[in-house]
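Novice: 3D model of this:
(4 chains)
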There are 2 protein chains.
Amino acid sequence: MKSAVKQKAMDLLNSVKLRRTNPRVAILGVLLAVDRPLTRDQISTRLGRDAPDKVTIYRTLESFVREGLVHRAFLRERVWHFELADDCTEQQCHPHFTCISCGDTHCFTAVTMPMARSPEEGFVIGHQRVQLEGFCPKCNPNA
Amino acid sequence: MKSAVKQKAMDLLNSVKLRRTNPRVAILGVLLAVDRPLTRDQISTRLGRDAPDKVTIYRTLESFVREGLVHRAFLRERVWHFELADDCTEQQCHPHFTCISCGDTHCFTAVTMPMARSPEEGFVIGHQRVQLEGFCPKCNPNA
DNA sequence: AAATATTTGCAACTTAGTTGCATTTGGCTA
DNA sequence: TAGCCAAATGCAACTAAGTTGCAAATATTT
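Specialist: This is a model prediction of the structure:
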């Protein structure tokens, strides 16, 4: 891991008062190094033979979510994806785009959507998520 | 099952050329009778002791999805929800609202959202889904 | 009513994530 | 710097949602 990433991971852990353990620094380092949601399995693969046990990864990610460092992205595959929460607001994260051909997911951080309005009295909308599907540039049949 | 619902279920099956078997009519009947996404388990419960095997339900729902009669709604719980596709367009379904207190999901069929625009050349957005979370009228702490 | 391709149900399996518990470790205090 | 202890880790076993294979049943066609 690059030392700048490692330092940033340590700083983040300090900022939320989580102990700076090896698994936590490593997992946060992976999420800092990529710019898109990863599954537990993808995180394990990226850490290779030094990867912590899957239970530890799940529990670590859970603590990050609890502290607001990380968000879960709910994509179609019935598998959770985790990503840094840094450019999300209270009300909404950026839209996620998943390619129906290669399956890759991209974060559209530059895209903002208006919040939906409640269709009737009484609903309080706290959070909005937008998921997009289609072809990524690599798989675009018209390109 | 009310005979009008049963008739509608049969008509739908005919329209997509699926055999009119008991499990299919029953499952479609359940989806016609409610106006929100249901899980496989909820469908089984509603059918009681006459419910088909869960494998049959999954396969039946899959065939409905294939024929465009039913959509999968991807909600947070890692469990699939199925609903009639009738008021969805090619590009987007209505937003789904899930109450963070009681967990119930409601369809906001009256709400339309603008489609997201691709942030850069090359992405083709084919479909958009919007998920909302908050308090439903029943659980609204301010009401 | 018989023929046949489709559908169903059962049992066994897979995969993602969880729980319990004994062991290890980070951070604090002396 | 050593020692303490709550917090974190890893292993094994478990749960829940959905899938696969195959033999038995059934909807449609003739």
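
Novice: When you work out contacts or count neighbours from here on, use the C-alpha atoms and nothing else.
Specialist: Noted.

Novice: buried set for stretch A:60-68?
Specialist: A:60-62, A:64-65 (16 or more other Cα atoms under 10 Å in any protein chain shown).

Novice: List the contacts of the closest residue to DNA strand D within chain A.
Specialist: Ranking the residues of chain A by distance to DNA strand D (Cα to the nearest atom of the strand) places A:Pro52 first, at 3.7 Å. Going by Cα atoms under 8 Å, 6 or more residues apart in numbering or on different chains, A:Pro52 touches A:23, A:44.

Novice: Does it lie in a helix or a strand, and which?
Specialist: Under DSSP states H and E, no helix or strand contains A:Pro52.

Novice: Relative to A:Val79, how far out is it?
Specialist: Going from A:Pro52 to A:Val79 by Cα to Cα, to the nearest Å gives 19 Å.

Novice: again, but for A:Asn142
Specialist: Relative to A:Val79, A:Asn142 is positioned 30 Å away (Cα to Cα).

Novice: Looking at the two, which is more packed in?
Specialist: Set side by side, A:Asn142 and A:Val79 show more neighbours around A:Val79, with 14 against 8, by other Cα atoms under 10 Å in any protein chain shown.

Novice: The more buried one and A:Thr39 touch, don't they?
Specialist: Yes - the pair A:Val79 / A:Thr39 is scored as a contact, 7.0 Å apart, by Cα atoms under 8 Å.

Novice: Report the secondary structure element holding the residue located most distally from the centre of chain A.
Specialist: Most distant from the centre of chain A: A:Glu121, at 32.8 Å, with distances by Cα atoms, centre = their mean. Under the criterion DSSP H and E, no helix or strand holds A:Glu121.

Novice: go on, A:Leu32?
Specialist: Per DSSP H and E, A:Leu32 falls inside helix A:22-33.

Novice: returning to what we had before: mind checking pLDDT for the residue farthest from the centre of chain A?
Specialist: Looking at A:Glu121, its pLDDT stands at 85.

Novice: tell me the SS of the nearest residue to it once chain neighbours are set aside?
Specialist: Leaving aside its sequence neighbours, A:Glu121 sits nearest to B:Pro137 (Cα to Cα, 6 or more residues apart in numbering or on different chains; 7.4 Å). Using DSSP: H, G, I helix; E, B strand; the rest coil, the structure places B:Pro137 in coil.

Novice: Cross-check the contact I'm expecting between B:Pro137 and A:Glu120.
Specialist: No - taking Cα under 8 Å as the definition, B:Pro137 is not a contact partner of A:Glu120, at 9.2 Å.

Novice: buried ones in the helix or strand that the helix holding A:Leu32 is followed by?
Specialist: Elements were assigned by DSSP H and E; along the chain past helix A:22-33, the next helix or strand is helix A:40-47. If you call a residue buried by 16+ other Cα under 10 Å, then helix A:40-47 has these buried ones: A:40, A:43-44, A:47.

Novice: Report the angle between the very next helix or strand once past helix A:40-47 and helix A:22-33.
Specialist: Proceeding N to C from helix A:40-47, the next assigned helix or strand is helix A:54-66, under DSSP H and E. Put simply, helix A:54-66 runs at 60 degrees to helix A:22-33, going by axes from the mean of the first three to the mean of the last three Cα atoms, to 10 degrees.

Novice: Quickly check: the helix or strand that helix A:54-66 is followed by near DNA strand D or not.
Specialist: Scanning forward in sequence from helix A:54-66 by DSSP H and E, the next helix or strand is strand A:70-74. No - Strand A:70-74 does not reach DNA strand D (Cα under 7 Å from any atom of the strand); its nearest approach is 13.2 Å.

Novice: for the record, mean pLDDT for whatever helix or strand comes next after strand A:70-74?
Specialist: Sequence-wise, the next helix or strand downstream of strand A:70-74 (DSSP H and E) is strand A:80-84. For strand A:80-84, the mean per-residue pLDDT is 87.

Novice: which residues does the spatially most central residue of chain A contact?
Specialist: Here the mean C-alpha position of chain A is nearest to the C-alpha of A:Glu83 (Cα atoms, centre = their mean), at a distance of 1.4 Å. By Cα under 8 Å, 6+ apart, A:Glu83 lies in contact with A:31, A:35-38, A:70-73.
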